[in-house]
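Q: Got a sequence here, can you build the structure:
(chains A and B)
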Amino acid sequence: MAIKIVERRPLSLAEKTYLPQIIAGLKVTWDNLVKPPVTLQYPDERPVIPTGYRGVPTLVRDPHGREKCVSCQLCEFVCPPKAIRITPGEILETADNNHVEKAPKEFEINMLRCIYCGLCQEVCPEEAIWLQGQYSMTGKTREEMVNNKAKLYELGGTLPDSHYKWDKKKAEAERQQHGHH
Amino acid sequence: MIEQLLNDLVLSPAWYYTAARGLLVIVILMSIAAYSVLLERKASAWIQGRVGPNRTNHPLIAWIPLFGNVLMRGGFIQPAADGLKFLFKEDALPGHVRKTFYVLAPCVALAPALISLVMLPFGELPSGQIITLCPGADIGVLFMFAISSLGVYGIALAGWAANSKYPFLGAIRGSAQLISYELAMGLSVLTVFLATATPDQNNALSLVSMVKAQTGAWNILYHPVAALIFLICVFAEANRHPFDMPESETDLVGGFHTEYGAFKFGLFFVAEYSHMVIGSSLFILMFLGGWHILPWLPTVGTGIVATLLGLGSFFFKLAAFLFFFVWVRWTVPRFRYDQVMRIGWRVLLPIAVVNLLVYFIWYAVKG
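A: Model prediction:
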């Protein structure tokens, strides 16, 4: 047991008057007083959000503008507070991206339930749902606090894609089809 | 007889004049008190690295091009907003209080602060007349001590009328503290009287003659110990940190005003700041040369210029002193109650007695 016995000196006469300490304290507070404030004037000045910040969950598109979500509903199942509600839908035959399996018809995240845990982002096999830099959600009604699909894409925007998984799949399928011929 | 009385009240010009002067001084004191609240909030913010109130504004003032913005950023509209808030809040009357005394207490707290104002001299007119409410009173200091220590009755009454434990403890602490520090305060001032009351002086207790006696050196230079004791006692009398025993938010919730809200609390608030103003004014008049600008530099300029400079000097010193109050509050933690009592009785009082004796012997030997 390492016990360190701290020596308690009796106070000197000057210390007993409290005055030197008070004057030293006044100097400390004066130094702080002349320093510029450290606070941010919040609504006027916004904080710099670091990359990797986990704010409001959003849906993103890839650089070609394709919506990445394939409505596998993994995020809906993993979501601990059950904030996500997905209505799966088919992709039209005529659409550019009909090589992708499916797309959500409607995608709702209830921000009154969301706990910002980020499990949806972790579980997503398509890297389609991202918790991004927006940190404040306000609304005057409960309905306003539910982000629908349009709102989610508006918030999410476009993120870079290093895989282009579905393009590769399409190319592969075309190549195989070509090889059979 | 009634006709005569009415005649005197309404038609006598002296009456109007006195009432107007009284109102003017009360308005000035109230605005100084209100703005020292602002000073408190701003200075505490600066010390803590914050900005302080800077949002309150009124459309009419916001309309002024650049100055309106400066006023808003400086928080200069804040005291008005605070006052209005106090005025329009619901004035709740708790069921368990002793109603009459509960309502009476804030008035009893504020009244002494306003009464002791009548003795305060602010400056000197070119004709040699003193700017004060009650000119020619030759017992200024005595009167102010007597009246301003009545302020504790408001605290005691509030604590008792609130019929609840925290206010009661706060009131007891306040009374004990006042009694302990009043003694040392009076004794420390006596040395200044000794210096002022030369045999040819017949109204040495007046604040005016005290200021006039400081035309050369200020008293703080000749009586540093007395000044220090007086300073500490002023803090204790005004119930300011580090001696805010009756209030002590952390251990007594709000102390004597725990049960008060709305405008009644506002009155206590103003009373506290008025006590600060009066204590600071006393210190300035007795130790810091009153309206003299610098030691050995009694007047600058002549006539009205000298008067204005003197007034400016007094109010500058007052502002600096109020800032000092605030600065100390946000620096020094509160003393424990037993420490307060020990400092008062076992440190300040003996030092004040010894100090008085030394000066007494010195003046006796010097003759």
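
Q: contacting residues for residue 54?
A: You didn't say which chain, so I picked chain A. Contacts for residue A:54 (CB atoms under 8 Å, 6 or more residues apart in numbering or on different chains) come out as A:116, A:118, A:121, A:131. Yep, even glycine has a C-beta here, placed from its N, CA and C like the rest.

Q: Wait, chain B was what I had in mind.
A: Neighbouring residues of residue B:54 by CB under 8 Å, 6+ apart: B:72-75.

Q: same thing with residue B:76?
A: So residue B:76 contacts residue B:38 (CB under 8 Å, 6+ apart).

Q: So it versus residue A:89, what's the distance?
A: 60 Å (CB to CB, to the nearest Å).

Q: for the chain, what are the low-confidence residue spans?
A: Using chain A here. A:180-181 (pLDDT under 70).

Q: try chain B instead
A: Scanning chain B residue by residue, the ranges that satisfy pLDDT under 70 are B:1-13, B:128, B:134-137, B:198-204, B:298-301, B:367.

Q: centroid residue for it?
A: Centroid-nearest residue in chain B, with CA atoms, centre = their mean: residue B:278, separated by 2.3 Å.

Q: circling back to that earlier point, let's see if you can find the most crowded of the contacts of residue A:54.
A: residue A:131 (20 neighbours; other CB atoms under 10 Å in any protein chain shown).

Q: Make sure that one is actually in contact with residue A:116.
A: Yes: counting by CB atoms under 8 Å, residue A:131 does reach residue A:116; the two are 6.7 Å apart.

Q: which neighbours do those two share?
A: A:54-57.

Q: Strands - which of those residues land there?
A: Residues of these located in strands (DSSP state E): residue A:57.

Q: With only the CA atoms kept, save the host helix or strand of residue B:233 in PDB.
A: In the assignment (DSSP states H and E), residue B:233 maps to helix B:224-237. Extracted in PDB, the C-alpha atoms of helix B:224-237 (Å, rounded to 0.1, in the frame of the first residue of the first chain):
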ATOM      1  CA  PRO B 224      -5.200  51.900   5.600                       C
ATOM      2  CA  VAL B 225      -6.200  49.400   8.400                       C
ATOM      3  CA  ALA B 226      -9.400  51.200   9.200                       C
ATOM      4  CA  ALA B 227     -10.100  51.400   5.400                       C
ATOM      5  CA  LEU B 228      -9.600  47.600   5.100                       C
ATOM      6  CA  ILE B 229     -11.800  46.800   8.100                       C
ATOM      7  CA  PHE B 230     -14.500  49.200   6.800                       C
ATOM      8  CA  LEU B 231     -14.300  47.600   3.400                       C
ATOM      9  CA  ILE B 232     -14.800  44.100   4.800                       C
ATOM     10  CA  CYS B 233     -17.600  45.300   7.000                       C
ATOM     11  CA  VAL B 234     -19.300  47.000   4.000                       C
ATOM     12  CA  PHE B 235     -19.300  43.700   2.200                       C
ATOM     13  CA  ALA B 236     -20.800  42.000   5.300                       C
ATOM     14  CA  GLU B 237     -23.400  44.700   5.800                       C
END
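
Q: Show me which positions of it end up buried.
A: Neighbour-count burial for helix B:224-237 flags B:225-237 (criterion: 16 or more other CB atoms under 10 Å in any protein chain shown).

Q: Would you mind putting those into TSV with distance to chain A alongside?
A: Formatted as TSV, the buried residues of helix B:224-237 follow (distance: CB to the nearest CB, whole Å):
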residue	distance to chain A
B:225	12
B:226	15
B:227	13
B:228	8
B:229	12
B:230	15
B:231	11
B:232	10
B:233	15
B:234	15
B:235	11
B:236	14
B:237	18
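
Q: so which two of the residues you listed are the farthest from each other?
A: Spatial extent of the buried residues of helix B:224-237 (CB to CB) is set by the pair B:225 and B:237 at 18.3 Å.

Q: So which residues on chain B come close to chain A?
A: Residues of chain B found near chain A (CB under 8 Å from any CB of the partner chain) are B:43, B:45-51, B:327-328, B:330-332.

Q: For chain A, which segments count as helices?
A: Secondary structure of chain A (DSSP state H): helices at A:13-16, A:19-34, A:74-78, A:119-123, A:149-156, A:165-180.

Q: can you list the ones you listed in TSV and add distance to residue B:174?
A: Output for the helices of chain A, formatted as TSV (distance: least, CB to CB, whole Å):
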stretch	distance to residue B:174
helix A:13-16	26
helix A:19-34	23
helix A:74-78	61
helix A:119-123	57
helix A:149-156	58
helix A:165-180	76
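
Q: which one of those lies closest to residue B:286?
A: Closest among those, using CB to CB: helix A:19-34, at 20.8 Å.

Q: With chain B in mind, check whether the closest one reaches it.
A: Yes: interface with chain B: helix A:19-34 contributes A:22, A:25-26, A:28-30, A:32-33 (CB under 8 Å from any CB).

Q: among those residues, who's most crowded?
A: residue A:29 (19 neighbours).

Q: ok, so what distance separates that one from residue B:280?
A: 19 Å.

Q: What of residue B:188?
A: 16 Å.

Q: quick one: the helices in the stretch 251-367 of chain B?
A: In the stretch 251-367 of chain B, the segments counted as helices under DSSP state H, counting those that start in this stretch are B:262-287, B:303-329, B:337-342, B:349-366.

Q: Which positions in the second one come out as buried?
A: When burial is assessed from 16+ other CB under 10 Å, helix B:303-329 yields the following buried residues: B:306-307, B:309-311, B:313-315, B:317-318, B:321-323, B:325-329.

Q: No further questions, thank you.
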